[in-house]
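A.B. asks: Sequence first, then the predicted structure:
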Amino acid sequence: MKAEKKAVSKTSAKVGTRAKRTVRPKIEEVIVLEEEVTESEEKEEKQSLLSAEEKQEIKGRLYANRKENQNDTSNLTHPKGDLNNKMYLSLETRILLLAALLIVFLGLGAFSISKALDNTTTYGFYFNENSSLEYKVCLQENDYFIEKCLDHEVTHYVANLIDYIEAEFKYNFDASALINYEYSYYITARLLATEKNSPDSIIKDEVEYLTEKKTVEMEESSGFLINEKLIIDYKRYNNIMTNFRRDYALLFDSSIVIELHVELEGNNDRIRDDISSEQTMSMVIPLSEQTINVEVDYDGINNHEVIESKRDNLVITGLFYILALLSFLVVVDVLLKIYKLLAKVMFNKSDYKKALDKIMRDYGQVIVETNTMPDIPQEGLHKITNFEELLDLHTVLQKPILYMKIHHEKACFMIHDGDDHYQYIMKAADLEDNKK
């Protein structure tokens, strides 16, 4: 019996020991859980108190900032209307404006070059030359004619009765503008003998000057008149040819040719080439030893000449070349700007894209993307200057951050908390300014 009791006693002791070993860990676990719950409650309570203080502080700071900037017209109620006190143009708009500017200056440059190459003034100048001849045939004393001199209306004369011829040569020059010029003139007598009925076969050709060469210079003049009177010794010239024919037993036609020679050289400031003219007025009088009719042939001057001169305006041409050069420089500058904008989109990742990708990568779990943003009352709108401050508000308010893409270089981040709305507009232009 004692042995059985001892066995029972040992068994009870073992069971008691196992029970103690099993209960003790459970008690310890309960104590640990109670401690963790207590710490969590204290932490949450502390976080709640801290959040309330931070929330009040942030709201107070935002309210003070809004009161300070209450007259700022840039605080618009919709993110797409927010320009943040400066005008912002999208990439497409900037490229379109630059393309329009490129077209304008290309046209301006082409127009300037065409004007510079064709900046000539056409100046029309003309002058008229005309002549007239009046003459009288004076006869020797005879029993057939009462009048001593017969006017030029009589076309046939008896050669043996002619004593001399009175001639008056008139030449008139008339220009359309004032010119500086020099003219000279003289009168010659050409004694000419040719084979019978062959005027190109010249037997005798002698020239003598009836007047000396006269030269006149004129400035700022539009014309002049030459009026020369002279007496042609017809009887002497006729005797010369009669003796020549008799001495050499020749048959030929002979005449005396009286010629008025006029030479002119002038210039005008608007005309590039010099004004030049050489004219001859002639009077042909047949010579004969027989008593035949004499006919006077007259070859006058009737000339009208037009001169068109093109002259470059050097000052205006220079200005057009300068304008073309400036237009070319602007075109080059605009092309470089367009290239940089396109390269930024096509080849390089912009600072804005890098910053936006980093925000979406690091805080994507608290950001909700949306396609629309509600219109927000002016009174409840708070503008945030950077994303970090908006992130602090999220931590305090425990509200999600709404994200809306306005365009490829502008985005809106917003937190709604009741009647308060916290908005941060992220723009590439602001990042570029901060980088500078």
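C.D. replies: Here it is on my side, so go on. Here the structure is a predicted model, which is why all the values come from computation and not from measurement. Numbering: from 1, shown residues only.
A.B. asks: Quick one: residues contacting residue 414.
C.D. replies: By C-beta atoms under 8 Å, 6 or more residues apart in numbering, the contact set of residue 414 is 79, 373, 401-402, 404, 421-424. The C-beta positions use only the backbone N, C-alpha and C, and glycine is treated the same way.
A.B. asks: ok, 6 Å please
C.D. replies: 402, 423 (C-beta atoms under 6 Å, 6 or more residues apart in numbering).
A.B. asks: Which strand residues bridge it?
C.D. replies: Applying DSSP bridges to residue 414 gives these bridge partners: residue 402, residue 423.
A.B. asks: again with residue 166
C.D. replies: Going by DSSP bridges, residue 166 forms beta bridges with residue 136, residue 231.
A.B. asks: burial of it, as a residue count?
C.D. replies: Residue 166 has 15 neighbouring residues, counting by other C-beta atoms under 10 Å.
A.B. asks: Go ahead and confirm it touches residue 139.
C.D. replies: No: counting by C-beta atoms under 6 Å, residue 166 stays clear of residue 139, with 11.8 Å between them.
A.B. asks: just checking, what packs against the strand or helix carrying residue 247?
C.D. replies: Following DSSP states H and E, one finds residue 247 within helix 234-248. Counting contacts by 3 or more C-beta pairs under 6 Å, 6 or more residues apart in numbering; DSSP states H and E, helix 234-248 packs against strand 162-195, strand 275-287.
A.B. asks: ok, now with 8 Å
C.D. replies: Applying 3 or more C-beta pairs under 8 Å, 6 or more residues apart in numbering; DSSP states H and E, one finds that helix 234-248 makes contact with strand 162-195, strand 252-267, strand 275-287.
A.B. asks: export these to CSV and tack on mean pLDDT and distance to residue 317?
C.D. replies: Shown next, in CSV, are those (pLDDT from 0 to 100; distance: least, C-beta to C-beta, whole Å):
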stretch, mean pLDDT, distance to residue 317
strand 162-195, 92, 24
strand 252-267, 90, 22
strand 275-287, 88, 25
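A.B. asks: Generate a markdown table for the ones you listed, with distance to residue 240 as supplementary columns.
C.D. replies: Converted to a markdown table, the helices and strands packed on helix 234-248 look like this (distance: least, C-beta to C-beta, whole Å):
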| stretch | distance to residue 240 |
| --- | --- |
| strand 162-195 | 7 |
| strand 252-267 | 9 |
| strand 275-287 | 8 |
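A.B. asks: Mind pulling up the pLDDT for residue 38?
C.D. replies: pLDDT, residue 38: 49.
A.B. asks: That should have said residue 420, apologies.
C.D. replies: pLDDT, residue 420: 86.
A.B. asks: Got phi/psi on it?
C.D. replies: As for residue 420, its main-chain torsions (degrees, to the nearest 10) stand at phi -100, psi 140.
A.B. asks: Help me confirm that it comes into contact with residue 384.
C.D. replies: No: in this structure, residue 420 is not within contact of residue 384 by C-beta atoms under 8 Å, at 11.7 Å.
A.B. asks: re the thing from before, so which of the helices and strands packed on helix 234-248 gets nearest residue 360?
C.D. replies: Of all the helices and strands packed on helix 234-248, it is strand 162-195 that lies closest to residue 360, at 81.5 Å by C-beta to C-beta.
A.B. asks: which parts of the closest one are buried?
C.D. replies: Neighbour-count burial for strand 162-195, counted by 16 or more other C-beta atoms under 10 Å, picks out 162-165, 167, 169-171, 173, 175, 179, 181, 183, 185-189, 191-194.
A.B. asks: any idea how far that strand is from the chain center?
C.D. replies: 55 Å (C-alpha atoms, centre = their mean, to the nearest Å).
A.B. asks: For that strand, name the packing helices and strands.
C.D. replies: Checking 3+ C-beta pairs under 8 Å, 6+ apart, strand 162-195 ends up next to strand 120-139, strand 198-209, strand 214-232, helix 234-248, strand 252-267, strand 275-287.
A.B. asks: Those into TSV, with extra columns for distance to residue 359 and mean neighbour count?
C.D. replies: Converted to TSV, those look like this (distance: least, C-beta to C-beta, whole Å; neighbours: other C-beta atoms under 10 Å):
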stretch	distance to residue 359	mean neighbour count
strand 120-139	65	16
strand 198-209	109	11
strand 214-232	85	13
helix 234-248	120	15
strand 252-267	81	19
strand 275-287	84	18
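A.B. asks: could these be laid out in CSV, adding distance to residue 327?
C.D. replies: CSV is the format used below for the helices and strands packed on strand 162-195 (distance: least, C-beta to C-beta, whole Å):
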stretch, distance to residue 327
strand 120-139, 22
strand 198-209, 66
strand 214-232, 42
helix 234-248, 76
strand 252-267, 38
strand 275-287, 40
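A.B. asks: Show me the one of the ones you listed that comes nearest residue 366.
C.D. replies: Nearest of the helices and strands packed on strand 162-195 (C-beta to C-beta): strand 120-139, 74.4 Å.
A.B. asks: buried stuff in the helix or strand following the closest one?
C.D. replies: Once strand 120-139 ends, the next helix or strand along the chain (criterion: DSSP H and E) is strand 149-151. Neighbour-count burial for strand 149-151 flags residue 150 (criterion: 16+ other C-beta under 10 Å).
A.B. asks: Tell me which strands the helix or strand following strand 149-151 pairs with, and in which orientation.
C.D. replies: Proceeding N to C from strand 149-151, the next assigned helix or strand is strand 157-158, under DSSP H and E. Its sheet considered, strand 157-158 pairs with strand 293-294 (antiparallel) by DSSP bridges.
A.B. asks: Rounded mean pLDDT for the partner strand, please.
C.D. replies: Here strand 293-294 scores 54 as its mean pLDDT.
A.B. asks: Please apply the same query to stretch 202-212.
C.D. replies: Averaged over stretch 202-212, pLDDT sits at 92.
A.B. asks: Which residues are in contact with residue 106?
C.D. replies: Here residue 106 is in contact with 327, 331 (C-beta under 8 Å, 6+ apart).
A.B. asks: now do 7 Å
C.D. replies: Counting by C-beta atoms under 7 Å, 6 or more residues apart in numbering, residue 106 touches residue 331.
A.B. asks: How much space separates it from residue 317?
C.D. replies: 20 Å (C-beta to C-beta, to the nearest Å).
A.B. asks: So which residues of the stretch 251-400 of the chain form helices?
C.D. replies: Counting by DSSP state H, counting those that start in this stretch, the stretch 251-400 of the chain has helices at residues 314-346, 351-363, 387-397.
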